[in-house]
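Q: One predicted model, sequence on top.
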Amino acid sequence: MHRRVGPAFRVVRKMAASGAEPQVLVQYLVLRKDLSQAPFSWPAGALVAQACHAATAALHTHRDHPHTTAYLQELGRMRKVVLEAPDETTLKELAETLQQKNIDHMLWLEQPENIATCIALRPYPKEEVGQYLKKFRLFK
């Protein structure tokens, strides 16, 4: 399948050709750590699936944004950072903060239980969203 090269990709490529540093786009995910522990004890595969669902939904929902378009142009160079939230309350508070700051994201709700499991942001330059994610550490 051949995709048309969009204006966002041309801007990133032009910046690289001119010697300017191209923006590094990162898709951040925040996954609930407590789901891997008792009393939940979800297996690793189930947690990975939640992150995949959230990431895919965020990319699809924001597919026309120039950052998402540029991010998807070079599949081998995608960057994702997976952070952990201690519990559902913290995850939902982050979703509220992101909403208030107009940061595009997807809060994934596992169905049919309607459990908030993961937040995925659309791809962003690290500098634009890092301040809202500082308190979260890498998922282990």
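A: Thanks, I have it.

Q: And the lengthiest helix in the chain, what does it pack against?
A: Ranked by residue count, the top helix of the chain under DSSP state H comes out as helix 44-61. Packed against helix 44-61, as judged by 3 or more Cβ pairs under 8 Å, 6 or more residues apart in numbering; DSSP states H and E, are the following elements: strand 25-32, helix 66-73, strand 105-110, strand 115-121. The C-beta positions use only the backbone N, C-alpha and C, and glycine is treated the same way.

Q: cutoff 10 Å now
A: In terms of contact count using 3 or more Cβ pairs under 10 Å, 6 or more residues apart in numbering; DSSP states H and E, helix 44-61 is assigned the packing partners strand 25-32, helix 66-73, strand 80-85, strand 105-110, strand 115-121.

Q: can you list contacts of it?
A: With contact meaning Cβ atoms under 10 Å, 6 or more residues apart in numbering, helix 44-61 is reached by 27-33, 35-36, 40, 42-43, 65, 68, 71-72, 78, 80, 82, 104-110, 115-123, 139.

Q: residue ranges with poor pLDDT in this protein?
A: 1-21 (pLDDT under 70).

Q: One more pass at 80, please.
A: Applying pLDDT under 80 to the chain flags residues 1-22, 140.

Q: Show me what counts as buried in the longest helix of the chain.
A: By neighbour count, with 16 or more other Cβ atoms under 10 Å as the criterion, the buried positions of helix 44-61 are 47, 49, 50, 51, 53, 54, 55, 57, 58, 59.

Q: and if you look at stretch 60-69?
A: In terms of neighbour count (16+ other Cβ under 10 Å), stretch 60-69 has its buried residues at 62, 65, 67, 68, 69.
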